[in-house]
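Visitor: got a structure for you, letters missing:
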């Protein structure tokens with residue numbers, strides 16, 4: 001499996017057939033920068049493909065984003081359209097539902113060392129569902145990854161053709177996310193053939209297994225000089241007085257004897273035999289130290305990602321990251337509580353007035369008497385009580401002459 005990114009705008013304009021000698025040749029293209037959509041593809045050495053999985057750059061997923069997609073395709077969303085640990089776990093669940101591995105039929109999944117592929121929930125899910133992760137060595141995926149070797153080249157070519165055809169058929173219209181699945185589906189049908197997938201595994205020697213597919217020139221170190229190696233070696237062999245020039249002192253105490261030896265050699269009777277000037281003595285240096293770098297991540301290598309050591313390391317990272325997130329959320333919540341406390345202390349009078357109101361209200365309820373019969377207020381209520389709109393005193397409704405319409409005023413207030 002591997003991911004690739006496709007944009008909603010063409011990155012390579014197509015070739016245009018024009019009259020010879022014409023200086024200006026136009027082509028319909030979009031002026032937009034385009035939005036990235038990540039697609040995860042997967043195939044095996046027998047030429048079988050898993051339906052593509054889309055990752056759209058948005059907040060919410062909508063089903064109509066998959067209109068026109070290849071049959072069986074699914075999708076998820078991320079903030080920037082790139083693959084992350086959560087998106088990879090969603091694809092892995094989709095992959096397990098499609099392939100259905102079991103204990104007697106385990107799946108070996110070849111992938112690169114991207115950090116999302118080492119997400120601990122994904123590794124745990126793969127171990128429980130009989131899926132083994134094997135990563136490629138760093139900087140070798142362009143020669144070893146079957147999808148990069150054979151599939152994605154034709155796929156990108158056909159996708160550019162689909163974009164150009166769409167822009168010619170719909171002039172002035174911008175390609176949006178709702179058109180991406182349909183355009184990708186047309187290119188995917190043309191490129192996802194059995195022979196291409198088989199060649200993708202055959203060319204790097206994965207299946208059929210061929211350890212001699214890469215020659216010695218592929219493992220040669222980087223070129224350090226423009227001078228050919230054979231010419232430099234022959235010039236060293238033709239240099240006279242190799243014995244004298246190879247004398248190097250091993251300690252500062254040997255420097256005097258070495259200088260005397262070079263003086264004796266230079267004052268021989270036949271100076272014509274040694275015409276090369278004798279170099280100055282060089283003190284032997286200790287082992288060179290590794291250059292200092294700001295690299296924090298350790299060097300990666302090809303390994304089984306679902307093995308116990310890798311899972312234990314990723315589990316520790318996962319716990320550490322989640323602990324930081326919880327600490328940050330706790331700090332944020334505590335800061336909110338402090339702000340609320342500050343706001344409440346800034347307005348003490350408001351809260352005190354509320355408390356006094358409620359307490360006075362509770363106190364008046366305990367000391368209520370009817371204006372007519374002077375009976376004390378008790379709970380639970382046996383009769384309905386009514387309040388005078390002017391003096392705010394209470395009385396039994398049956399004790400008053402209130403007709404039930406409008407505001408009530410006691411006899412004293414009416415007078």
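Guide: Happy to help now that I have it. Computed from a prediction, not measured in an experiment: that's the story for all the values here.
Visitor: Can you tell me the closest non-neighbouring residue to residue 82?
Guide: Nearest non-adjacent residue to residue 82, counting by C-beta to C-beta, 6 or more residues apart in numbering: residue 38, 6.0 Å away. No exception for glycine: its C-beta is placed from N, CA and C like everyone else's.
Visitor: quick one: what helix or strand has the one you found in it?
Guide: strand 36-43 (DSSP states H and E).
Visitor: what do you get for residue 181?
Guide: Going by DSSP H and E, residue 181 is in helix 177-191.
Visitor: Which strands or helices does that helix pack on?
Guide: Judged by 3 or more C-beta pairs under 8 Å, 6 or more residues apart in numbering; DSSP states H and E, helix 177-191 is in contact with strand 36-43, strand 49-57, helix 152-169.
Visitor: State the mean pLDDT of it.
Guide: The average pLDDT for helix 177-191 rounds to 96.
Visitor: Show me what counts as buried in that helix.
Guide: 177, 179, 180, 181, 183, 184, 185, 186, 187, 188, 191 (16 or more other C-beta atoms under 10 Å).
Visitor: The first one touches residue 55, doesn't it?
Guide: Going back to what we said before, that points to residue 177. No: if you go by C-beta atoms under 8 Å, residue 177 and residue 55 don't touch, sitting 11.2 Å apart.
Visitor: Would you confirm that residue 301 contacts residue 137?
Guide: Yes: using C-beta under 8 Å, residue 301 makes contact with residue 137 at a distance of 6.3 Å.
Visitor: Same drill for these two, tell me which one is more crowded.
Guide: More neighbours surround residue 137 than the other of residue 301 and residue 137, with 13 against 10 (other C-beta atoms under 10 Å).
Visitor: The helix or strand that contains residue 200 packs against which elements?
Guide: Element membership for residue 200 (DSSP H and E) is helix 194-202. Counting contacts by 3+ C-beta pairs under 8 Å, 6+ apart, helix 194-202 is packed against helix 146.
Visitor: Return the list of helices and strands in contact with the helix it packs on.
Guide: Using 3+ C-beta pairs under 8 Å, 6+ apart: helix 146 touches helix 194-202.
Visitor: Tell me what angle the helix it packs on forms with strand 36-43.
Guide: Per axes from the mean of the first three to the mean of the last three C-alpha atoms, to 10 degrees, the angle that helix 194-202 makes with strand 36-43 is 80 degrees.
Visitor: Contacts for helix 194-202 next, please.
Guide: The contact list for helix 194-202, computed with C-beta atoms under 8 Å, 6 or more residues apart in numbering, reads 43-49, 146-147, 149-151, 154, 207-208.
Visitor: Just the mean pLDDT for it, thanks.
Guide: 96.
Visitor: quick one: that helix to strand 49-57, angle?
Guide: Using the same axes, to 10 degrees: helix 194-202 against strand 49-57 is 80 degrees.
Visitor: Mind listing what's buried along helix 194-202?
Guide: So helix 194-202, judged by 16+ other C-beta under 10 Å, has buried residues 196, 197, 198, 200, 201, 202.
Visitor: what's the answer for stretch 146-160, then?
Guide: 146, 147, 148, 149, 150, 151, 152, 155, 156, 158, 159, 160.
Visitor: Give me the domain ranges for the chain.
Guide: Using automatic domain parsing, the domains assigned to the chain come out as 2-11+30-211, 360-414.
Visitor: and among these, the most buried is which?
Guide: The highest average neighbour count among the domains of the chain, using mean count of other C-beta atoms under 10 Å, belongs to domain 2-11+30-211 at a mean of 17.
Visitor: how long is it end to end?
Guide: Chord length of domain 2-11+30-211, first to last residue, is 23 Å (C-alpha to C-alpha, to the nearest Å).
Visitor: re earlier: select, out of the helices and strands packed on helix 177-191, the one closest to residue 310.
Guide: strand 36-43 (21.1 Å; C-beta to C-beta).
Visitor: Quick check: mean pLDDT of the closest one?
Guide: 97.
Visitor: what's the answer for stretch 313-326, then?
Guide: 86.
Visitor: what comes up buried for that stretch?
Guide: Residues 314, 318 are the ones in stretch 313-326 that count as buried (16+ other C-beta under 10 Å).
Visitor: same check, this time on stretch 22-32
Guide: residue 30.
Visitor: Spatially nearest residue to residue 18 (excluding sequence neighbours)?
Guide: Residue 18 sits nearest to residue 25 (C-beta to C-beta, 6+ apart), 4.5 Å away.
Visitor: That should have said residue 9, apologies.
Guide: According to C-beta to C-beta, 6+ apart, the nearest residue to residue 9 is residue 34 (3.2 Å).
Visitor: Please name every helix or strand in contact with the one helix or strand residue 413 maps to.
Guide: Per DSSP H and E: residue 413 is located in helix 411-414. Helix 411-414 is packed against no helix or strand, with contacts defined by 3+ C-beta pairs under 8 Å, 6+ apart.
Visitor: ok, back up a step: nearest to residue 106, of the contacts of helix 194-202?
Guide: Of all those, residue 106 sits closest to residue 44, with 13.3 Å by C-beta to C-beta.
Visitor: For that closest one, which non-adjacent residue is spatially closest?
Guide: Closest to residue 44 by C-beta to C-beta, 6+ apart is residue 197, at 7.2 Å.
Visitor: give me every residue that touches residue 111.
Guide: Per C-beta under 8 Å, 6+ apart, neighbours of residue 111: 1, 2, 117, 133, 134, 135, 136, 305.
Visitor: For the spatially closest residue to the second one that is not a sequence neighbour, give me its contacts.
Guide: To tie it back to what came earlier, the one meant is residue 2. Nearest residue to residue 2, sequence neighbours excluded (C-beta to C-beta, 6+ apart): residue 147, at 4.3 Å. Residue 147 is in contact with 1, 2, 4, 41, 42, 43, 200, counting by C-beta under 8 Å, 6+ apart.
Visitor: would you turn those residues into JSON lines with distance to residue 86?
Guide: Below are the contacts of residue 147 laid out as JSON lines (distance: C-beta to C-beta, whole Å):
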{"residue": "1", "distance to residue 86": "16"}
{"residue": "2", "distance to residue 86": "18"}
{"residue": "4", "distance to residue 86": "19"}
{"residue": "41", "distance to residue 86": "19"}
{"residue": "42", "distance to residue 86": "18"}
{"residue": "43", "distance to residue 86": "24"}
{"residue": "200", "distance to residue 86": "28"}
